[in-house]
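1. Sequence and predicted model, in that order:
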Amino acid sequence: MSAPHKVRVPASTSNLGPGFDLLGLCLNLYLQVELSCEPAPQDVDRFAQLTGEASGLPRSPENLVVRAFNALRVHEGHNESLDRSWAMDSEIPVARGLGSSGAATAAGLLLACQTMAIEPKAHMDTLVRLGTELEGHPDNVVASLVGGCVLTIQCEPDFRVLRQEIHPDLAFAVAWGNTPLHTATSRRCLPTQIPFEAALDQPRRLAALLEGLRSGDPALLRHARTEHLHQGARLPLIAGGSAALDSAHAAGAHLATISGSGSSLIAIGPHDQAQAMADALGHALQAADAPAHWRVALPV
């Protein structure tokens, strides 16, 4: 086979409280995929190696990397069959709200670009649109495609991707317990209606979050602790979640909240409190849902 194609795609947290289904932030946990392929009489997928958090992924076309890879090639009219050998290694826990499916989708799209000699930046509108269709929401997959912190806004028929600045004084910590929480489950618990006062307050909280991330202002980030659309409904699904958020705030976090749809939690605060925030989240989850995992995470 020819020289392999390779990608390294970051995890992402989303929402950060009031940035529901809009905001995605890349963190330094990675999915790495290597693909070797040649023309063949029919499509063949060989899974040479699936390691780390990728070890439990499907060894079939249902694998999200493979699905996204195939989707973009078909979209671009490249329908020839390939003999493909996949190797995947991941640090991103599955079904924990750290964008494992978004990273997989982004990886498949970027690998398809390589095999077709397409420059991703020149075709980013297509990648964002197709990735969102595959994922069902843009926040994680778009962050993993472009890196950094982004807001993805649907402006029919296109999407606008806006860069959100993160102040260098802000540090991040993440933790997750033993029990996964699938996005479909966490979406089923969301309220179908909210009071008018809550709907009126939500954009104010989002404005505080965005300016707090940009400026590093602790008071604005503390204002973003209140969220009306998803956190109250999802937190009871995370064993030890409420105690963990309280512990992180006591340890110096400006804002601690659910990462994505859970079950991971994330805390934002000063660098000199980063490990304390991680320990506070992790120890509370360890007490309720062992074994738990926790770490300081860097935006990328």
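-> Structure received. The shown structure was predicted, so the numbers you read here are calculated from the model rather than taken from an experiment.
2. pull the longest helix from the protein.
-> In the chain, with assignment by DSSP state H, the single longest helix is helix 196-215.
3. which helices and strands does it pack with?
-> Counting contacts by 3 or more CB pairs under 8 Å, 6 or more residues apart in numbering; DSSP states H and E, helix 196-215 is packed against strand 19-39, helix 218-223. In short, each C-beta sits where N, CA and C put it, glycine included.
4. residues making contact with it?
-> By CB atoms under 8 Å, 6 or more residues apart in numbering, the residues outside helix 196-215 that reach it are 16-19, 22-23, 149, 151, 164-167, 170, 217-221, 223-224, 226-229, 254-255, 268.
5. For that helix, buried residues please.
-> Neighbour counts over helix 196-215 (16 or more other CB atoms under 10 Å) mark 198, 201-202, 205-206, 208-213 as buried.
6. Spatially central residue for the protein, please.
-> Nearest to the mean C-alpha position of the chain, counting by CA atoms, centre = their mean, stands G99 at 2.5 Å.
7. Look up how far H167 lies from that residue.
-> Noted for G99: a distance of 22 Å to H167, by CB to CB, to the nearest Å.
8. I238 too?
-> Look at I238 and H167: by CB to CB, they are 28 Å apart.
9. K6 too?
-> In this view, K6 and H167 are 33 Å apart by CB to CB.
10. Same check on P93?
-> To H167, P93 is 27 Å away according to CB to CB.
11. what about the helices and strands packed on helix 196-215, which gets the closest to V65?
-> strand 19-39 (5.8 Å; CB to CB).
12. counting contacts, what elements does the closest one pack onto?
-> Packing contacts for strand 19-39, counted by 3+ CB pairs under 8 Å, 6+ apart, involve strand 5-15, strand 82-90, helix 100-115, helix 139-146, strand 149-155, helix 196-215, strand 293-297.
13. Could I get the average pLDDT for it?
-> When pLDDT is averaged along strand 19-39, the result is 96.
14. buried set for whatever helix or strand comes next after that strand?
-> Per DSSP states H and E, strand 19-39 leads on to strand 44-52 as the next helix or strand towards the C-terminus. Across strand 44-52, burial judged by 16+ other CB under 10 Å covers 45, 47, 50.
15. tell me the contacts of the second one?
-> It refers to F47. F47 sits next to 59, 63, 85-88 when contact means CB under 8 Å, 6+ apart.
16. One more pass at 7 Å, please.
-> By CB atoms under 7 Å, 6 or more residues apart in numbering, the residues touching F47 are 59, 86.
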